[in-house]
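>>> can you look at this prediction? I've put the sequence above it.
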Amino acid sequence: MSTGQKLLDSIAGWFQDFVSADSVKTAISVFFILVIGVTLVRIVFIMTRRFSRKVLPKRSASTLDKLIKYGGYTIVALMAIKKAGVDVSALLGAAGIAGIAIGFAAQTSVANIISGLFLFSEKLFSEGDILQVDTITGVVKTVDLMCIRLQTFDGRLVRVPNETLIKTNIINISYFPQRRFDLWLSLPNDCDLRLAMDSIQHVIDSEALALKEPAPLIVLDAITPDGTNLLVGVWFLQENLAAIKNNLIPAILSALAEKGIQPQARRLEIQEPVKSGGLQPVQSSDSVGSSEFFKKT
């Protein structure tokens with residue numbers, strides 16, 4: 001028998017084996033797995049995309065869509081390969097070992113993603129809001145599954161991981177349209193407090209940016225050896241923050257000065273660590289500028 005005849009016989013035998021009943025059943029099963037699996041992935045993908053577009057930022061929704069899409073297709077492909085008779089146990093074993101290694105290396109990233117999903121579900125903030133996270137205050141520029149990025153008011157970009165956000169207090173400064181500006185004054189104990197309060201009230205009533213509702217408040221907080229602490233609270237709209245501060249503070253100080261009332265400087269204490277691990281106060285000079293007559297709370 002010639003070499004060509006042997007080759008033809010081998011091809012014929014392989015073809016007969018390929019088109020056997022079992023092979024046909026396997027091929028049909030693989031086909032249905034692919035068709036049904038891809039269809040299900042598409043349905044889940046479309047439903048998830050509609051939901052994510054409503055509750056998640058654009059970039060985060062796009063990342064979640066890709067995870068579902070490519071993850072689903074990978075599962076369907078592995079099922080089809082296994083049904084075709086290919087042993088995927090070794091491949092799955094290697095993938096499992098690699099997954100464990102990647103999991104240990106990326107546990108922080110996974111924690112950030114999970115934290116991000118919780119934050120997105122609560123809808124505490126969105127792009128454009130002004131957030132205070134610990135000592136950082138800035139405008140939210142982007143919201144991702146891993147982190148958010150804040151632009152501070154001095155032009156810096158700060159990346160805050162979602163895991164940090166879930167563990168700390170977050171203040172959304174721009175969440176409500178109205179805010180209250182608190183001004184603390186320390187007045188001499190021997191001054192006419194009623195006259196001082198009336199003068200401050202007149203300044204507030206004359207300020208166009210100060211809201212009438214909620215009503216402003218003037219409260220005597222405490223009397224100390226250094227002076228009488230007075231709290232002045234004025235409500236305003238978010239967009240008028242800088243203007244209300246620049247208008248009210250000079251006006252109140254000028255009104256008090258016209259009545260012969262000079263706010264006193266507060267005694268400042270700075271806490272510094274000592275070797276024992278505690279804190280000791282370091283007293284500063286009693287003479288400070290007028291900017292120390294008040295503090296924002």
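In hand now; what should we look at?
>>> for stretch 129-142, output the C-alpha coordinates as PDB.
The C-alpha coordinates for stretch 129-142 follow below in PDB (Å, rounded to 0.1, in the frame of the first residue of the first chain):
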ATOM      1  CA  ASP A 129     -19.500  67.700  45.900                       C
ATOM      2  CA  ILE A 130     -17.200  69.300  48.500                       C
ATOM      3  CA  LEU A 131     -16.000  66.600  50.900                       C
ATOM      4  CA  GLN A 132     -14.000  66.800  54.100                       C
ATOM      5  CA  VAL A 133     -12.100  63.600  54.900                       C
ATOM      6  CA  ASP A 134     -10.100  63.900  58.100                       C
ATOM      7  CA  THR A 135      -7.900  67.000  57.500                       C
ATOM      8  CA  ILE A 136      -8.400  67.000  53.700                       C
ATOM      9  CA  THR A 137     -11.100  69.200  52.100                       C
ATOM     10  CA  GLY A 138     -11.700  69.400  48.400                       C
ATOM     11  CA  VAL A 139     -14.000  69.000  45.400                       C
ATOM     12  CA  VAL A 140     -14.800  65.400  44.200                       C
ATOM     13  CA  LYS A 141     -13.300  65.100  40.700                       C
ATOM     14  CA  THR A 142     -13.700  61.400  40.100                       C
END
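>>> now it: mean pLDDT?
Mean pLDDT, stretch 129-142: 88.
>>> and it, which residues are buried?
The neighbour-count check on stretch 129-142 (16 or more other C-beta atoms under 10 Å) flags D129, I130, L131, V133, G138, V139, V140, T142 as buried. C-betas here are computed from N, CA, C, even on glycine.
>>> in the protein, which spans are strands?
For the chain, the strands defined by DSSP state E occupy 130-133, 136-143, 147-152, 157-161, 170-172, 178-187, 217-224, 227-237, 269-273, 279-283.
>>> fine by me, thanks again.
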